[in-house]
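Colleague: predicted model and sequence below, questions to follow.
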Amino acid sequence: MSEVKSMPEAEEMPEAERMSEAERMSEVKRMSDKRMVPEKVLRQISLTVNGKALTLHVDIRESLLEVLRERLGYTGVKKGCGVGECGACTVLIDGTPIDSCIYLAVWADGKEIRTVEGLAVNGKLSPVQEAFVEEGAIQCGFCTPGLVLSTTAMVENGKEYSREEIKRELSGHFCRCTGYQNILKAAERAVHEAGHRCAHCKHEQEGEKG
Amino acid sequence: MFNIAKYDEAGSLDEALAFLSGHPAAKVIAGGTDVLIKMQNGKMGEAELFSIRGLAELTGIKRTADGAIFLGPLTTFAQIAGDPLLQKAIPVLIQAAVSMGGPQIRNIATIGGNICNGAVSADSAPTLLALNAELRLQSAGGERKVPLREFYLGPGKVDLRPGELLIGIIVRPQDYLGYHGHYIKFAMRKAMDIATLGVSVLCRVEAGGVLSGVRIALGVAAPTPVRCPEAEAFAEGKTGSDETLEEIGKLAVRSAKARTSWRASKEYREHLVAELVPRALKEAMRTAGGEEHV
Ligand SMILES: Cc1cc2nc3c(=O)[nH]c(=O)nc-3n(C[C@H](O)[C@H](O)[C@H](O)COP(=O)(O)OP(=O)(O)OC[C@H]3O[C@@H](n4cnc5c(N)ncnc54)[C@H](O)[C@@H]3O)c2cc1C
Ligand code: FES
Ligand code: FES
C-alpha cells in the first residue's frame, strides 16, 4: 500500500527545475495556494513532461489537466468539456493519446507525458504541425493541440492507416469550426508523408547495404 | 478538482482484497471513465477512492489450458481491439470493443469497469451475454463464479458484494468455438455516442445453411442487458431464410422491455430490435460462409 507523503512543495527538486516551475507558477493561477491543502491529500510523483524530468507534489483531487495547465503552465492542453467527450485536453502518455481531464494526476507517476509544447524542435514545427498549417486545418485552434497529438501518435507508431482508420483514430476529438475536412487532409498528409519518409529511409539503408 | 477525500492503491490482488475487507466504503476505480464522470457530474458525494490500476495480474487476455478465453478485468478496450488471439477466436468482441467511446476513452476504459458499472448501454454486455461469459469474483472471504446473465440485477445494479472484485471474465470453449457473431451498435453518431440499441448475435451454421446454437442479446432494450430465449429457441435447426430471420426478429421483441427515454421511444427501440436482429444474424451467417474459424 502506498503511503501518503506530506512534504512541502518542491523541497526535493533540483535547483534548475524549481526555478522554472516557480517562474511558470507566477504566470498561472495556483489554486491550492489560496487555501490550506491538508497534508494528506498531497502525493509526490515523478514524471517527465516534454522530455523534462520533474518531481513534484500533486493533490490527489487534481486531474493531470489541472497540473499541466495551472501548475506547470502547459496551456496548450485545453479544457473543453472536462468529462472525456471532446478530446481538447488530449496528451500523449507513454505515446498513447489520453484525455487528461479524466486522468488523475497521481496516475502520472513514472509516466512520460507529451503536450503540444513539446513537438517543435528549436522553434521548428514538427511535420504534423506543418501539415496542419499547410492544409489550413486550424480555425480557432482550440481543438488543434489534441488533434495534432493524436496524429503524432499515429505517425510515430509507424503503422499504415487508411482514410477510414485515420477518421476513427481522430473520432475522439470535436472541432466546432472546421467541419473536419482539412483536419483529415492534414492528418492524411502527415501520416502518409511519414510513411514515405520511412520507406525512403529503408530504401537508403538497403542501398547502403547493397 | 474531484471531490476525493482519500486515495489508496494496492500493489497486489491479495493486498487489494485485504484493504477492501477493512474499508467497505472505499470506491474501486479502474480506468475511471465512469467513476470520475459521476464525480464531475456531482452524482457522487466525497469519495474514498481505491485504485486497482496497478494490479498487473488483472490485465491481459489469454487462452487457458482447457481452451477457455480469459479476460483480465483491467484489460482496456484498446487492448481488446488490437488483440490477435481475440481477432481469431472471438472477432465479435473486437467489434463491440471498437464501437465504444473514442480512441482516448478506449485507451483507458476497462472491460471490468464496463461490466461492474452495470449500465444497460455497456457495449461489451450484449456480446459477453451472447458468449455465456462467466465472471470470477473474489473477496478476502473467497471466490465465486457467476454467469454474467445473473450478474445484472437492475439498472446500474450488479451482484457485486462488499469487498469483492471482479478478477476475470471467462468464455468457455464450447461457447465460442465454431461460432460466428456480429455486433450492431445503433447510435446517433458513429463514435463517441452511447448506444440507442445494441444487438449481438452468435450462431453456428451447419450444412445447408441450418442455424444452430443461436444466441441473441440486446443492450438498452430492457432495464438490464437481456437474452432473447424465445427467438433463440425458434431459430434452432431452421435455415436462415429471410422469412425465418424476420420471424426471429419479431420474437426477439418479446424479450425486450423497452422504455421511452430522451434518446428514443419504446416503439422505435422495438422497431430497431425487429430490424437489427435479422440484420446481425445475416452478417454472422455471411462470415460463417466466408471465413475460416479456429
Ligand atoms: C466520453 C465517454 C464515452 C463513453 N462511451 C461509452 C460507450 O460508447 N460505450 C460504453 O459501453 N461505455 C462508454 N463509456 C463509459 C465507460 O467508459 C465504460 O463503462 C468503461 O468501460 C468503464 O471502465 P473504467 O475502467 O473506466 O471504469 P471505472 O470508472 O474505473 O469503474 C466503473 C465501475 O466499475 C467498478 N469496477 C471497476 N473495475 C472493477 C473490478 N475489477 N471489480 C469490481 N468493481 C470494479 C467501479 O467501482 C465503478 O463502479 C464512456 C465514457 C466516457 C467518459
Ligand atoms: S476536456 Fe477532456 S475531453 Fe473534453
Ligand atoms: S478549430 Fe475551432 S474547434 Fe477546431
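Modeller: Cool, got the structure. Ligands and ions are numbered 1, 2, ... in the order given.

Colleague: break chain A into its domains for me.
Modeller: Split into domains by automatic domain parsing, chain A comes to A:42-115, A:127-204.

Colleague: worst average pLDDT in those domains?
Modeller: The weakest mean pLDDT among the domains of chain A belongs to domain A:127-204, with a mean of 92.

Colleague: what is the burial count for the residue in chain A positioned nearest to ligand 1?
Modeller: Of the residues in chain A, the one nearest ligand 1 is residue A:84, at a distance of 3.4 Å by CB to the nearest ligand atom. C-beta coordinates here come from the backbone N, C-alpha and C atoms, glycine included. Residues near residue A:84, counting by other CB atoms under 10 Å in any protein chain shown, number 26.

Colleague: ok so, going back, go through the domains of chain A and pick out the most buried.
Modeller: domain A:42-115 (a mean of 21; mean count of other CB atoms under 10 Å in any protein chain shown).

Colleague: and it, is it in reach of ligand 3?
Modeller: No. If you take CB under 6 Å from any ligand atom as the test, domain A:42-115 misses ligand 3, and the best it gets is 7.9 Å.

Colleague: ok, and the closest non-adjacent residue to residue A:77?
Modeller: Spatial nearest neighbour of residue A:77, excluding adjacent residues (CB to CB, 6 or more residues apart in numbering or on different chains): residue A:68 at 4.8 Å.

Colleague: the one you found touches residue A:115, doesn't it?
Modeller: Yes. Using CB atoms under 8 Å, residue A:68 is in contact with residue A:115, at 6.3 Å.

Colleague: overlap of the contact sets of those two?
Modeller: A:49, A:74, A:77, A:91 (CB atoms under 8 Å, 6 or more residues apart in numbering or on different chains).

Colleague: between which two of those residues is the distance greatest?
Modeller: A:49 and A:77 (10.2 Å; CB to CB).

Colleague: what touches both of those two?
Modeller: With CB under 8 Å, 6+ apart as the test, residue A:49 and residue A:77 both reach A:68, A:115.

Colleague: returning to that earlier point: gap between the residue nearest to residue A:77 and residue A:195?
Modeller: 31 Å (CB to CB, to the nearest Å).

Colleague: cool, residue A:183 as well?
Modeller: Taking CB to CB, one finds residue A:183 at 19 Å from residue A:195.

Colleague: in the chain, which spans are strands?
Modeller: Just going to use chain A. For chain A, the strands defined by DSSP state E cover A:42-49, A:52-59, A:90-93, A:96-99, A:112-114.

Colleague: ah, I was thinking of chain B
Modeller: With DSSP E as the criterion, chain B has strands at B:4-9, B:27-29, B:47-51, B:61-63, B:69-71, B:134-139, B:142-147, B:152-154, B:157-158, B:165-171, B:180-186, B:197-206, B:210-219, B:226-227.

Colleague: pLDDT of the fourth one, averaged?
Modeller: When you say that, I think you mean strand B:61-63. On average, strand B:61-63 scores 98.

Colleague: cool, the first one as well?
Modeller: If you average the pLDDT over strand B:4-9, you get 96.

Colleague: check whether it comes near chain A.
Modeller: Yes. On the criterion CB under 8 Å from any CB of the partner chain, strand B:4-9 is in touch with chain A at B:4, B:6-9.

Colleague: which one of those is nearest to ligand 2?
Modeller: Nearest to ligand 2 among the residues of strand B:4-9 next to chain A, with distances taken as CB to the nearest ligand atom, is residue B:4, at 17.8 Å.

Colleague: looks like residue A:111 contacts residue A:47 (just checking).
Modeller: Yes. Residue A:111 lies in contact with residue A:47 (CB under 8 Å); the separation is 5.3 Å.

Colleague: minimum distance to residue B:263: which of the strands of chain B has it?
Modeller: Here strand B:197-206 is closest among those (CB to CB), at 9.3 Å.

Colleague: which strands or helices does the closest one pack on?
Modeller: helix B:91-99, helix B:125-130, strand B:180-186, strand B:210-219, helix B:266-290 (3 or more CB pairs under 8 Å, 6 or more residues apart in numbering or on different chains; DSSP states H and E).

Colleague: would you mind finding the most buried of these?
Modeller: helix B:125-130 (a mean of 30).

Colleague: now tell me what touches it from outside.
Modeller: B:92-93, B:95-96, B:114-115, B:119, B:148-149, B:152, B:169, B:171, B:181, B:183, B:198-202, B:215-219, B:225-227.

Colleague: from memory residue B:240 sits against residue B:205, does it?
Modeller: Yes. Using CB under 8 Å, residue B:240 is in contact with residue B:205, at 7.5 Å.

Colleague: what's the overlap in contacts for the two?
Modeller: B:211, B:285.

Colleague: could you check how far the residue lying closest to residue B:17 once chain neighbours are set aside is from ligand 2?
Modeller: Closest residue to residue B:17 apart from its sequence neighbours, by CB to CB, 6+ apart: residue B:140 at 4.5 Å. From residue B:140 across to ligand 2, the span is 36 Å (CB to the nearest ligand atom, to the nearest Å).

Colleague: may I have the residues that are in contact with the residue nearest to residue A:67 when sequence neighbours are not counted?
Modeller: Leaving aside its chain neighbours, residue A:67 sits nearest to residue A:105 (4.5 Å; criterion: CB to CB, 6+ apart). Applying CB under 8 Å, 6+ apart to residue A:105 gives the contacts A:45, A:58-60, A:62-64, A:66-67.
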